[in-house]
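Colleague: Build me a structure from this.
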Amino acid sequence: MDHTKAISDHSPERYLLREMSPVEAEEFERHYFECDECALAVESGEVFIANTRALLVDAAEGPRLSRWASWTTWWTNPAFALAAVATLLLGALALYQGVVQIPRLRHGLEEARALPAFQLMATSRGESPQVTVGSEIPSFSISADIPPDVHFSRYICDLSMSGRTLFSLPVPAPAVGQPITILVPTNGLHPGAYELAIYGADADGGKRDRVSTFAFTLEFH
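Modeller: Residues are numbered from 1 along each chain as shown. Okay, here's the model as predicted:
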């Protein structure tokens with residue numbers, strides 16, 4: 001799936017609303033793991049849906065009242081009023097993202113830009129390879145090969161530093177002979193030693209065997 005088709009088919013919205021067939025969903029997942037704009041749309045949508053669902057559940061709790069009693073209670077129930085205010089704030093945030101933030105990001109994505117990319121080598125004795133990026137760079141990509149005798153339909157990539165997992169990212173299997181490539185945001189990262197561990201994933205998305213481990217040292221200039 002290319003980006004033009006994803007936008008024209010409203011793929012992010014249909015994916016979040018579970019209106020896609022399993023084949024369509026898998027095809028879109030392969031796309032948005034490599035597309036900053038679609039990944040942002042899915043992530044923002046998931047956060048908004050989760051927050052809205054939580055607010056609606058909170059507001060729905062309690063005994064049922066008549067329509068008039070419910071209307072009058074709205075003004076005197078602090079919990080419901082708080083939920084309403086929070087919903088308005090979320091709506092304002094979504095409006096800001098739609099009108100200002102996302103168009104600004106889309107404009108940036110439409111411009112040609114250089115993205116630092118690094119090929120990692122499986123961990124072995126000796127020094128870890130060095131990954132050096134500019135301090136103003138928002139993200140960089142790292143690629144890692146899958147052993148030829150390993151075959152999973154999906155994988156889970158864990159990036160960690162000093163034994164603490166920074167993120168755990170599910171990814172579809174790459175094409176035969178191609179590496180797994182992931183985009184790493186630099187926000188919150190510090191210079192030091194990192195480890196990328198790749199696991200096979202079962203049908204339910206759970207981790208299975210560790211496939212490979214890649215160590216690298218991150219530096220900024």
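Colleague: So the protein: which segments form each domain?
Modeller: 3-110, 117-220 (automatic domain parsing).
Colleague: looking at those, which has the lowest confidence?
Modeller: Per-stretch mean pLDDT for the domains of the chain is lowest at domain 3-110 (a mean of 64).
Colleague: now the helices: where do they sit in the protein?
Modeller: 3-8, 11-16, 22-32, 36-60, 67-76, 78-96, 102-110 (DSSP state H).
Colleague: which other helices and strands contact the biggest strand by length in the chain?
Modeller: Identified as the longest strand of the chain according to DSSP state E is strand 207-220. Applying 3 or more Cβ pairs under 8 Å, 6 or more residues apart in numbering; DSSP states H and E, one finds that strand 207-220 contacts strand 130-133, strand 139-144, strand 192-201. Every C-beta, even on glycine, is put in place using the N, C-alpha and C of the backbone.
Colleague: got the buried residues for the last one?
Modeller: With burial defined by 16 or more other Cβ atoms under 10 Å, the residues of strand 192-201 counted as buried are 194-201.
Colleague: partners of it in the sheet?
Modeller: Its sheet considered, strand 192-201 pairs with strand 154-161 (antiparallel), strand 207-220 (antiparallel) by DSSP bridges.
Colleague: quick revisit: how about TSV for the helices and strands packed on strand 207-220, with distance to Pro12 added?
Modeller: Formatted as TSV, the helices and strands packed on strand 207-220 follow (distance: least, Cβ to Cβ, whole Å):
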stretch	distance to Pro12
strand 130-133	28
strand 139-144	20
strand 192-201	23
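Colleague: neighbours of Pro138, just the number please.
Modeller: 14 (other Cβ atoms under 10 Å).
Colleague: OK, contacts around it?
Modeller: By Cβ atoms under 8 Å, 6 or more residues apart in numbering, the contact set of Pro138 is 185-187.
Colleague: filter the residues you listed to the buried ones?
Modeller: Counted by 16+ other Cβ under 10 Å, the contacts of Pro138 give Thr186 as buried.
Colleague: out of the contacts of Pro138, which are inside strands?
Modeller: Per DSSP E, those map to strands at Pro185.
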